[in-house]
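In: curious how this folds, go ahead:
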Amino acid sequence: MEILDYLLVVAVGIIAGFINTVAGGGSLLTLPVLIFMGLPPALANGTNRVGVLLQNVFAVSGFKSKGVSVFPYAIYLAITALVGAVIGAKLAVDIKGELFNRILAVVMVLVLIITIFNPLKKKGDAVEMMTPKRKALSIFLYFFVGLYGGFIQAGIGFIMIAVLTSINGLSMAKTNSIKVFVVLVYTFFAIIVFVMEDKVNWTLGLTLALGTSTGGWIASRWSADKDDKLIRIFLVVAVSAMAIKLWFF
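Out: Sure thing, here's the model as predicted:
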């Protein structure tokens with residue numbers, strides 16, 4: 001690969017890291033780009049996790065520096081998610097490349113629908129609902145969140161936000177702080193599965209991580225109340241083009 005290819009990966013990583021932290025869907029950009037660069041789908045899926053992992057290290061640090069955290073609740077969510085993620089990652093390394101591309105294209109379209117209509121956007125002040133029953137329900141559901149995250153990762157942020165805002169009524173700042181922590185934990189274990197199956201390109205993965213880490217750090221220190229309209233418009237255009245290419249070409 002040429003130097004311009006690596007610069008492209010860094011640039012896409014910065015954008016994806018920012019998007020992943022303030023909302024979700026960054027892997028809808030990075031994963032297709034890695035596939036388009038010639039990596040087999042399973043290898044691209046594993047390589048993408050390197051950027052996701054390091055991005056969330058910086059994002060967690062950024063939220064902590066701002067005093068935003070929800071512990072120990074985030075730990076409980078992370079434990080159930082990592083169990084699901086290990087199972088999902090194992091499924092991902094065994095799936096055929098063409099089928100994976102089709103699944104990814106469908107996921108991208110579904111996430112586009114969510115992005116366009118934005119049903120997860122909360123109006124007014126959040127009313128927290130942190131009763132034991134609601135906490136237990138979210139912890140249970142995060143096993144399936146981890147299962148999906150371990151399998152494909154793309155768009156996982158929207159699912160995590162949906163659970164925490166609808167069931168627990170958490171603010172976006174607290175929701176995003178939990179999200180990046182949980183993704184950090186389960187990605188660490190999921191990436192072990194990909195490494196054991198030799199499904200990680202470390203050169204591209206670390207290059208991507210340079211970008212995603214930068215984007216994640218910037219976004220975690222950016223106001224959680226800023227309008228995400230421009231981000232959603234960008235995702236609609238970029239993801240639409242990539243989904244078409246994945247399905248038809």
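In: which stretches of the protein form helices?
Out: 3-22, 27-36, 41-65, 73-94, 97-117, 132-151, 156-167, 172-196, 202-220, 229-248 (DSSP state H).
In: want to try a markdown table for those, with mean neighbour count and mean pLDDT as columns?
Out: C-beta: built from backbone N, CA, C; applies to glycine. Shown next, in a markdown table, are the helices of the chain (neighbours: other CB atoms under 10 Å; pLDDT from 0 to 100):
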| stretch | mean neighbour count | mean pLDDT |
| --- | --- | --- |
| helix 3-22 | 21 | 86 |
| helix 27-36 | 25 | 87 |
| helix 41-65 | 25 | 87 |
| helix 73-94 | 20 | 94 |
| helix 97-117 | 17 | 77 |
| helix 132-151 | 19 | 94 |
| helix 156-167 | 22 | 84 |
| helix 172-196 | 23 | 91 |
| helix 202-220 | 23 | 87 |
| helix 229-248 | 15 | 65 |
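In: quick one, what contacts the nearest residue in space to Gly150 that is not next to it in sequence?
Out: Nearest residue to Gly150, sequence neighbours excluded (CB to CB, 6 or more residues apart in numbering): Gly88, at 2.8 Å. For Gly88, the contact set (CB atoms under 8 Å, 6 or more residues apart in numbering) comprises 146-152, 190.
In: and Glu2, how many neighbours?
Out: Glu2 is flanked by 7 other residues according to other CB atoms under 10 Å.
In: could you double-check that Ile218 lies in contact with Ile15?
Out: No: judged on CB atoms under 8 Å, Ile218 makes no contact with Ile15 at a distance of 10.6 Å.
In: need the contact partners of stretch 90-104.
Out: 31-32, 35, 40-42, 45-46, 150-152, 154, 193-194, 197, 199, 246-247.
In: if we use 6 Å, what do you get?
Out: 40-42, 45, 151, 193, 197, 199, 246 (CB atoms under 6 Å, 6 or more residues apart in numbering).
In: widest-spaced pair of those?
Out: For the contacts of stretch 90-104, the farthest-apart pair by CB to CB is Val193 and Leu246; their separation is 23.2 Å.
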